[in-house]
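Engineer: Kindly return the folded structure for what I paste below:
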Amino acid sequence: MPVAVASARIQAGWAHLVTIDETYAIVCLMIEDDAVPIDDASGIAAAARGWFEANWDPDLTLGEWWDRLAESGYGFPTWPSDRYGLGLDRHDLPLVNAARRAVGALGPPAGIAPSLAGPTLLAHGTAEQQDRFLPGIVHGEVWCQLFSEPGSGSDLASLQTRAVRDGDQWIVNGQKVWTSGAHIARYGILIARTDPSVPKHRGLTYFVIDMDQRGIEVRPIREITGRAIFNEVFLTDAVVPVENTIDAVGAGWGVALTTLANERTMLGAGSFGSSGSSMSITKPDLGARVGDLVRDTDSMTATPSGGVGALLRALVEQYGRGDDPLIRQEYATIHSLLEIARYTDLRSKAAVERGGRPGPEVSVGKLAASHLLRTLRETMYRVCGADATLWGDDAPLGGRMHDIGLSSYLISIGGGTDQIQRNIIGERVLGLPGEPRVDKDVAFHDLLVGTQRPLSG
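Structural biologist: This is a model prediction of the structure:
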């Protein structure tokens, strides 16, 4: 099995360790009963390696390289072949990632646009909407997610932002919070209340909103890391064209569930072993030389590609702790958690491939991510000892270690808190009684929610 092979590599010595994607690619080519048949895996890996060897050019601009990835399908190979993809299964993705890294090529655009907006548009958008929005997404356009509100986080369906139809447009008023990248986003995926006379889950509609308009004000929120990637967003008579309504009016909750499932997958532990699909909150410089943007994995102070396993390995090698049996055991633990999470992630993707929707597996994966990041944080601090007190460029891995340590709380909150994930697992997997929901069949305007006061009574 892949875990056994990878564990043998760990016991053999640090010099033979590989990333999760590379381990999976190797094992796919060795084991007959794996999810990917040998011939298919060999063909996919060989084709991907050949394409990257023939097309990777570090002297291209970032925009030119992303153009090549988009038109070839190798940027988002699991998307449909007529929608900038190759139609590959999700479990084939590590083969492509390993081929790309083998030639040192930069990955595709990452973040909310390709990880959340793109899959949601593919699942619920019209052909016209996909034709209009997907090109910008695959070429590096930045999007944001306008979901959470000051009074509606875990109970997202209680949101109060209103959208009122006015001819061929919707007028939106309300406030969103914890909006990653809103200050640089071109578009936002927005969920707003269009009918307060029905129960809260049934009166929501999903939109794509242009962030570059007078009716939107963005205010940054400073984090413990010193950065300000989160924002408050105030919408005052903001305008959304009717043609930017995703799916039917009032069907927004179902569309939002698709986005949330992809978000939990993106934030889940299964995503930490891969590259090219993590969150990105910076505006790309499309004119930059792409070769200058590839991370230097040979430097002990640089951030390696290949996921958190590669980060920990670089730190262990930098501090010469590879022969410490306790550190090796902790590395093996983290590697095992990553492998377990990856298989859980594959189960979720398999449900989609069978025509279903990501199920409770994404909640399991997200809980695993919270546990994994806490474990990784403590292990990294133990490896570097007193150097963990350093800050900025002098800190281990050029400060990347502190990014993980100080951001480890984020995964337990963003995309649905750990408590919400446990509720989902308890009710939908274990069959435990659901929490009392007295507001389930009550019209939203009769609820005491946030700053709202009931209309009746």
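
Engineer: Ramachandran coordinates for L146?
Structural biologist: Main-chain dihedrals, L146, degrees, to the nearest 10: phi -100, psi 80.

Engineer: Would you mind measuring from it to E128?
Structural biologist: Distance from L146 to E128, counting by CB to CB, to the nearest Å: 22 Å. C-beta: built from backbone N, CA, C; applies to glycine.

Engineer: ok, those two, which is more surrounded?
Structural biologist: Taking other CB atoms under 10 Å, L146 and E128 do not tie; L146 has more neighbours (29 against 9).

Engineer: mind listing what the more buried one touches?
Structural biologist: Neighbour list for L146: 161, 176, 179, 182, 188-191, 209, 233 [criterion: CB atoms under 8 Å, 6 or more residues apart in numbering].

Engineer: same thing with V172?
Structural biologist: V172 neighbours (CB under 8 Å, 6+ apart): 161-163, 190, 192, 207, 209, 215, 235, 237-240.

Engineer: Strands - which of those land there?
Structural biologist: For the contacts of V172, the ones inside strands are 162-163, 190, 192, 207, 209, 235, 237-240, with DSSP state E as the criterion.

Engineer: Give the PyMOL command for selecting the buried subset of these.
Structural biologist: Those of those that count as buried under 16 or more other CB atoms under 10 Å are selected in PyMOL with:
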select buried, resi 162+163+190+192+207+209+235+238+239+240
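
Engineer: What ranges does this structure have for its helices?
Structural biologist: Using DSSP state H, the helices of the chain run over residues 2-12, 20-28, 38-55, 62-72, 93-102, 112, 118-124, 127-138, 252-267, 308-318, 325-353, 361-384, 400-407, 418-428.

Engineer: Just the buried positions in the last one, please.
Structural biologist: Counting neighbours by 16+ other CB under 10 Å, one finds that the buried residues in helix 418-428 are 418, 420-421, 423-426.

Engineer: related to what we said a few turns ago, between the contacts of L146, which sits nearest I224?
Structural biologist: Closest approach between those and I224, by CB to CB: T179, at 17.9 Å.

Engineer: How about the backbone phi and psi for the closest one?
Structural biologist: phi -90, psi 110.

Engineer: if we can go back for a sec, would you mind giving the buried residues of helix 418-428 as a markdown table with pLDDT and distance to A98 added?
Structural biologist: A markdown table is the format used below for the buried residues of helix 418-428 (pLDDT from 0 to 100; distance: CB to CB, whole Å):
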| residue | pLDDT | distance to A98 |
| --- | --- | --- |
| D418 | 87 | 32 |
| I420 | 85 | 34 |
| Q421 | 85 | 30 |
| N423 | 88 | 37 |
| I424 | 84 | 33 |
| I425 | 87 | 32 |
| G426 | 90 | 37 |
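
Engineer: any weak-confidence spans in the stretch 151-300 of the chain?
Structural biologist: Judged by pLDDT under 70, the stretch 151-300 of the chain has its weakly predicted residues at 264-280, 295-300.

Engineer: For A99, see how far away L315 is.
Structural biologist: 26 Å.

Engineer: swap in D323?
Structural biologist: Distance from D323 to A99, by CB to CB: 32 Å.

Engineer: Which one's more surrounded, these two?
Structural biologist: Comparing D323 with A99 by other CB under 10 Å, the one with more neighbours is A99, at 24 against 10.

Engineer: Assess the claim that D285 and G140 are in contact.
Structural biologist: No: with contacts counted by CB atoms under 8 Å, D285 stays clear of G140, the gap being 9.6 Å.

Engineer: Could you tell me which residues touch both of the two?
Structural biologist: With CB under 8 Å, 6+ apart, D285 and G140 have common neighbours L62.

Engineer: can I have stretch 72-85 written out in CSV, keeping just the CAs?
Structural biologist: Extracted as CSV, the C-alpha positions of stretch 72-85 are listed here (Å, rounded to 0.1, in the frame of the first residue of the first chain):
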residue,chain,number,x,y,z
SER,A,72,-3.4,22.9,-22.6
GLY,A,73,-5.6,21.7,-19.8
TYR,A,74,-2.6,21.0,-17.5
GLY,A,75,-3.5,23.9,-15.3
PHE,A,76,-6.7,22.4,-14.1
PRO,A,77,-6.6,18.8,-15.5
THR,A,78,-9.7,17.6,-13.5
TRP,A,79,-12.0,20.2,-15.2
PRO,A,80,-13.9,19.2,-18.3
SER,A,81,-11.9,19.1,-21.5
ASP,A,82,-14.1,21.9,-23.0
ARG,A,83,-13.6,24.0,-19.9
TYR,A,84,-9.8,24.4,-19.7
GLY,A,85,-9.2,20.9,-18.3
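
Engineer: Just the buried positions in it, please.
Structural biologist: Neighbour-count burial for stretch 72-85 [16+ other CB under 10 Å]: 73-79, 83-85.
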